[in-house]
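> sequence first, then the predicted structure:
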Amino acid sequence: MHCRNLSRWRRLRTWPSSSAPHALPPWDVRVTMQSPSLTPGDAGPMPQKPLPHLETFAKAAELGSFTAAAQAFGLSQAAVSQRIRALEQSLSISLFRRQGGHVFLTEAGRRLHDYAERIHVLHLEARQQLTGKRAPVTGELSLAASSVPGEHLLPAALATFREKHPNIRVRATVGDTQTVLDCVEHGRAHLGLVGGKGDSPHLKFRSFACDQMALIVPAGHALARRKRVSVDQLLRQPLIVREGGSSSRWCLEQALKQAGKSPNDVRVTLELGSNEAIKEAVLRGLGVAVLSTQVVEEELHSGRLRALPVAGLPLKRDMFLVWDQRRVLPIAARLFLDFLAPCPHAERRS
């Protein structure tokens with residue numbers, strides 16, 4: 001009996017390993033552990049892989065261009081497209097839509113970008129907590145501004161903003177209002193600063209300052225000693241105006257319409273492309289102009305020019321921040337947007 005058991009034990013020890021790797025000997029009994037109950041159609045827990053290429057996705061979203069994102073990362077456009085495609089495939093959803101040579105986020109893309117930003121912030125917080133060093137905010141801020149905000153409001157604002165965020169690189173251009181709106185809508189600037197609104201449905205405006213315009217005359221002018229002038233007196237003067245597309249000219253034309261007058265009633269003697277050129281022309285006696293008082297502040301203080309209100313002509317206007325609401329703003333632009341607080345008086349007037 002003992003010999004038969006020993007012989008059987010030897011045969012079991014030599015069970016052939018060349019058979020199927022999970023085969024069981026004939027005598028074995030498989031023990032099955034009962035799994036937790038699953039609802040119909042439930043495949044059970046699946047391993048979750050990290051979402052790939054979120055940084056590339058966020059950069060493409062903020063720049064509105066795969067080409068620009070590729071340049072930012074030193075990659076080819078094809079490489080960026082492959083990364084975005086891999087991310088979309090991992091989620092089985094489209095994140096971008098193409099329009100006019102640019103890319104814009106879908107609704108799902110917007111939601112994902114919010115998560116990508118939160119993940120980025122968590123990375124910064126983790127680094128700060130573990131190293132004890134606060135990571136500086138870096139990036140590039142692209143601005144476009146029309147003449148008055150660009151030349152008289154933006155320099156002081158940027159000086160304070162740079163003190164708070166010295167590692168953000170700022171690039172700003174100055175042009176007329178229509179040029180600024182085109183720059184923002186076509187993605188050449190993150191934010192614009194203008195003295196008037198456009199009619200594009202893609203642009204969002206927010207007041208941040210107020211500006212007072214007035215009739216500007218030289219100190220020796222016949223009207224210089226008056227406290228104010230009438231609309232009819234204004235219309236009799238040779239007027240120097242900005243070019244079409246300028247918000248200051250648009251503001252004057254709208255004010256004339258509100259006063260029951262036509263822009264054609266104005267005696268335009270000269271049209272110039274900058275406020276500084278108009279100011280110099282007024283000083284030389286070539287005519288009068290309706291300008292922002294900020295443009296002539298130094299000359300008003302020295303007495304070389306006079307600023308006269310025009311009775312019945314509303315010449316106070318708002319200064320606006322503008323951005324394209326189809327695009328997501330990079331963190332540098334959002335910081336600047338928060339930095340320039342809304343103007344409460346302007347909001348009540350608009």
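Good, I have the coordinates. Numbers count the residues shown, from 1 in each chain.
> could I get the CA-only coordinates of stretch 91-104 as PDB?
What follows is stretch 91-104, C-alpha atoms only, in PDB (Å, rounded to 0.1, in the frame of the first residue of the first chain):
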ATOM      1  CA  LEU A  91     -11.600  60.100 -24.700                       C
ATOM      2  CA  SER A  92     -13.500  59.100 -27.900                       C
ATOM      3  CA  ILE A  93     -14.600  62.700 -28.300                       C
ATOM      4  CA  SER A  94     -13.600  65.700 -30.500                       C
ATOM      5  CA  LEU A  95     -11.900  68.500 -28.600                       C
ATOM      6  CA  PHE A  96     -11.300  71.100 -31.400                       C
ATOM      7  CA  ARG A  97     -13.200  72.400 -34.400                       C
ATOM      8  CA  ARG A  98     -11.400  74.000 -37.400                       C
ATOM      9  CA  GLN A  99     -12.500  77.400 -38.700                       C
ATOM     10  CA  GLY A 100     -10.700  79.800 -41.000                       C
ATOM     11  CA  GLY A 101      -7.200  78.500 -40.400                       C
ATOM     12  CA  HIS A 102      -7.700  78.500 -36.600                       C
ATOM     13  CA  VAL A 103      -8.800  75.900 -34.100                       C
ATOM     14  CA  PHE A 104     -11.400  76.500 -31.400                       C
END
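> now it: average pLDDT?
Across stretch 91-104, the average pLDDT comes to 90.
> pull the distance from that stretch to the chain's centre.
From the chain centre to the centre of stretch 91-104 is a distance of 18 Å (CA atoms, centre = their mean, to the nearest Å).
> outside of it, which residues touch it?
The contact list for stretch 91-104 (CB atoms under 8 Å, 6 or more residues apart in numbering) reads 51, 57, 60-61, 64-66, 84, 87-88, 105-106, 108-109, 112, 186-187, 326-327. Where C-beta positions appear, they are placed from N, C-alpha and C, glycine not excepted.
> would you mark the buried spots in it?
Residues Leu95, Phe96, His102, Val103, Phe104 are the ones in stretch 91-104 that count as buried (16 or more other CB atoms under 10 Å).
> quick one, what contacts Arg326?
By CB under 8 Å, 6+ apart, the neighbours of Arg326 are Phe104, Leu105, His202.
> grab the nearest non-local neighbour of Ala157.
Leu340 (6.5 Å; CB to CB, 6 or more residues apart in numbering).
> any idea of the mean pLDDT for the top strand by length along the chain?
The residue-count maximum for a strand in the chain (DSSP state E) belongs to strand 203-218. Throughout strand 203-218, pLDDT has a mean value of 96.
> return the list of helices and strands in contact with that strand.
helix 177-185, helix 247-258, helix 275-283, strand 288-292, strand 305-308, strand 316-324, helix 344-349 (3 or more CB pairs under 8 Å, 6 or more residues apart in numbering; DSSP states H and E).
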